[in-house]
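In: What follows is a predicted structure for the sequence shown.
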Amino acid sequence: MAGQVWARGLRRRARAVGRDAGMVTSEYAMGLIAAVGFAGLLYKVVTSGQVRAALQAVVEKALDVQF
């Protein structure tokens, strides 16, 4: 009885492994594409005129602080 339960669990795990074959690579590729797209979008936003001016103002204000 215990052997049958163990064998059934082993077969279930073997089938689960077969279903997931190849998914890791495709998920990794989609994540990489999304990350590159987000990085490109973030670069465009940060290098825009308004954001660049705001960041420069923050840095200049931080450098003008008296200690």
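Out: Nice, I can see it.

In: I'd like the next helix or strand past the least confident helix or strand in the chain by mean pLDDT.
Out: The weakest-scoring helix or strand in the chain, judged by mean pLDDT, DSSP states H and E, is helix 2-19 (a mean of 69). Moving toward the C-terminus from helix 2-19, the next helix or strand (DSSP states H and E) is helix 23-46.

In: Who are the packing partners of that next one?
Out: For helix 23-46, the packing partners by 3 or more Cβ pairs under 8 Å, 6 or more residues apart in numbering; DSSP states H and E come out as helix 49-63. Placement of C-beta: from N, CA and C, glycine included.

In: angle of the helix it packs on against helix 23-46?
Out: 80 degrees (axes from the mean of the first three to the mean of the last three Cα atoms, to 10 degrees).

In: Which neighbouring elements make contact with helix 49-63?
Out: helix 23-46.

In: Quick one: distance of the helix it packs on to the chain centre.
Out: Chain-centre distance of helix 23-46: 7 Å, with Cα atoms, centre = their mean, to the nearest Å.

In: Show the average pLDDT along it.
Out: What helix 23-46 shows for mean pLDDT is 90.

In: and for that helix, what are the contacting residues?
Out: 51-52, 55 (Cβ atoms under 8 Å, 6 or more residues apart in numbering).

In: if we go to 6 Å?
Out: Around helix 23-46, the neighbours that count as contacts under Cβ atoms under 6 Å, 6 or more residues apart in numbering are Val51.

In: If we go by neighbour counts, what in that helix is buried?
Out: In terms of neighbour count (16 or more other Cβ atoms under 10 Å), helix 23-46 has no buried residues at all.

In: Extract the C-alpha set from that helix and format it as PDB.
Out: The C-alpha trace of helix 23-46 is given here as PDB (Å, rounded to 0.1, in the frame of the first residue of the first chain):
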ATOM      1  CA  MET A  23       9.600  27.100 -20.100                       C
ATOM      2  CA  VAL A  24      12.600  28.500 -18.200                       C
ATOM      3  CA  THR A  25      14.300  29.700 -21.400                       C
ATOM      4  CA  SER A  26      11.300  31.400 -22.800                       C
ATOM      5  CA  GLU A  27      10.400  33.100 -19.600                       C
ATOM      6  CA  TYR A  28      14.000  34.300 -19.200                       C
ATOM      7  CA  ALA A  29      13.900  35.700 -22.800                       C
ATOM      8  CA  MET A  30      10.600  37.500 -22.200                       C
ATOM      9  CA  GLY A  31      11.900  39.000 -18.900                       C
ATOM     10  CA  LEU A  32      15.100  40.100 -20.600                       C
ATOM     11  CA  ILE A  33      13.100  41.800 -23.400                       C
ATOM     12  CA  ALA A  34      10.900  43.600 -20.900                       C
ATOM     13  CA  ALA A  35      13.900  44.700 -18.800                       C
ATOM     14  CA  VAL A  36      15.600  46.200 -21.900                       C
ATOM     15  CA  GLY A  37      12.400  47.900 -22.900                       C
ATOM     16  CA  PHE A  38      11.900  49.400 -19.500                       C
ATOM     17  CA  ALA A  39      15.600  50.500 -19.400                       C
ATOM     18  CA  GLY A  40      15.200  52.300 -22.700                       C
ATOM     19  CA  LEU A  41      12.000  54.000 -21.600                       C
ATOM     20  CA  LEU A  42      13.700  55.100 -18.300                       C
ATOM     21  CA  TYR A  43      16.700  56.400 -20.200                       C
ATOM     22  CA  LYS A  44      14.400  58.500 -22.400                       C
ATOM     23  CA  VAL A  45      12.600  59.900 -19.400                       C
ATOM     24  CA  VAL A  46      15.700  60.700 -17.400                       C
END
